[in-house]
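J.: using only what follows, build the 3D model:
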Amino acid sequence: MRAVWRLARLTPHVLHGLWIVKRRFDLLTAPERHALIQWWSVKTLRILGITLKADSAASAVPAGHLLVANHVSWLDIAGLHAVLPQARFVSKADVKHWPLVGALVEGAGTLFIERASKRDALRVVHQTAAALQAGDCVAVFPEGTTGTGPELLPFHANLLQAAVSVQAPVLPVVLRWHEPGERFSTAARFVGDTTLVQSLWRIASARGLGFDVQVLPSVASEGLDRRALAEALRASIVARLG
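T.: I've put the predicted structure just below:
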């Protein structure tokens, strides 16, 4: 019954978000869009019974940074937008075609990438570099897919080339889903053959699910190649996850 009640409340909230994206976003300034993105994301977490915790550094991220985070759930984007609504995400192209979710993340300025195509990766690197130079904050998940939480997958360095090319600073961001009795939540995991519907049901059914966001010290990209940068960022996130 808990899950049914939460999903019943979530449906009109998602539809309201779609209406805002389709009808209002083009008429708003960037700060107004960011405020709406944050409001929608915070309410999404609250409806699903998720407690959000973020350190003070998360609210003071300067413009023009590349954000690099570990990846556990499809809800990572909403969780990060609840704290950093200015972030533009780079996401796999499949997400664009997800029912409802795809239209929402596209409206929030997401850059989509065909991960199997080297040519498309190069296109997104150029787009990301241009966005960083324009003062945007762009967020990437260099693992390329979701993991279980405590153990990180290898970092792909391709998209980090955008920061190296324009000498933009990089911020490692640590994400941790947890629930009572589990330091790393199993309900939030989106791995293997789990479908979006199955994952949503598990999250809506969970008791005491929490989402923590920690922003680590900025890493300068000057003088590093993308692989060295990827290793340094992965090591800092692994150390904080413990």
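
J.: and the top strand by length along the chain, what does it pack against?
T.: Ranked by residue count and defined by DSSP state E, the top strand of the chain is strand 170-178. If you count contacts as 3 or more C-beta pairs under 8 Å, 6 or more residues apart in numbering; DSSP states H and E, strand 170-178 packs onto strand 66-69, helix 76-81, strand 210-215, helix 226-241. Placement of C-beta: from N, CA and C, glycine included.

J.: now, of those, which is deepest in the fold?
T.: Of those, the one with the most neighbours on average (mean count of other C-beta atoms under 10 Å) is strand 66-69, at a mean of 26.

J.: direction included, what does that strand pair up with?
T.: Sheet pairing of strand 66-69 (DSSP bridges) gives strand 137-140 (parallel), strand 170-178 (parallel).

J.: now do A82: how many residues are near it, please.
T.: Counted by other C-beta atoms under 10 Å, the residues lying close to A82 total 24.

J.: same thing with W19?
T.: 10.

J.: quick check: phi and psi on it?
T.: The phi/psi pair for W19 (degrees, to the nearest 10) reads phi -60, psi -40.

J.: that one and E106, how far apart?
T.: 15 Å (C-beta to C-beta, to the nearest Å).

J.: thinking again about what came up before, in CSV, list the helices and strands packed on strand 170-178 along with mean pLDDT and distance to P150.
T.: CSV is the format used below for the helices and strands packed on strand 170-178 (pLDDT from 0 to 100; distance: least, C-beta to C-beta, whole Å):
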stretch, mean pLDDT, distance to P150
strand 66-69, 94, 15
helix 76-81, 93, 15
strand 210-215, 94, 13
helix 226-241, 93, 6
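
J.: show residues contacting stretch 172-188.
T.: Residues outside stretch 172-188 that contact it (C-beta atoms under 8 Å, 6 or more residues apart in numbering): 58, 67-73, 75-76, 79-80, 139, 148-150, 189, 202-203, 205-216, 219, 233, 236-237, 240-241.

J.: ok, back up a step: could you identify the helix or strand that succeeds the longest strand of the chain?
T.: Using DSSP states H and E, the helix or strand that follows strand 170-178 towards the C-terminus is helix 196-205.

J.: now that next one, how far from the centre of its chain.
T.: 18 Å (C-alpha atoms, centre = their mean, to the nearest Å).

J.: and that helix, what does it pack onto?
T.: helix 2-23.

J.: re the thing from before, any idea which of the strands paired with strand 66-69 is most buried?
T.: Mean neighbour count (mean count of other C-beta under 10 Å) peaks for strand 137-140 among those, with a mean of 25.

J.: got the CA coordinates for that one in PDB?
T.: Output in PDB follows, covering the C-alpha atoms of strand 137-140 (Å, rounded to 0.1, in the frame of the first residue of the first chain):
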ATOM      1  CA  CYS A 137      28.100  23.200 -15.000                       C
ATOM      2  CA  VAL A 138      28.100  19.800 -16.800                       C
ATOM      3  CA  ALA A 139      27.700  16.500 -15.000                       C
ATOM      4  CA  VAL A 140      28.900  13.100 -16.200                       C
END
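
J.: list the contacts of the residue nearest the centre of the chain.
T.: With distances taken as C-alpha atoms, centre = their mean, I77 lies nearest the centre of the chain, 3.2 Å away. The contact partners of I77, by C-beta under 8 Å, 6+ apart, come to F89, S91, V105, T110.

J.: among those residues, which are in helices?
T.: Judged by DSSP state H, the subset of the contacts of I77 located in helices is V105.

J.: residues making contact with the one helix or strand in the chain whose mean pLDDT sits lowest?
T.: When each helix and strand of the chain is scored by mean pLDDT, DSSP states H and E, helix 101-107 comes last, with a mean of 75. The contact list for helix 101-107 (C-beta under 8 Å, 6+ apart) reads 14, 17-18, 21-22, 25, 74, 77, 89, 91, 95-96, 112, 196.
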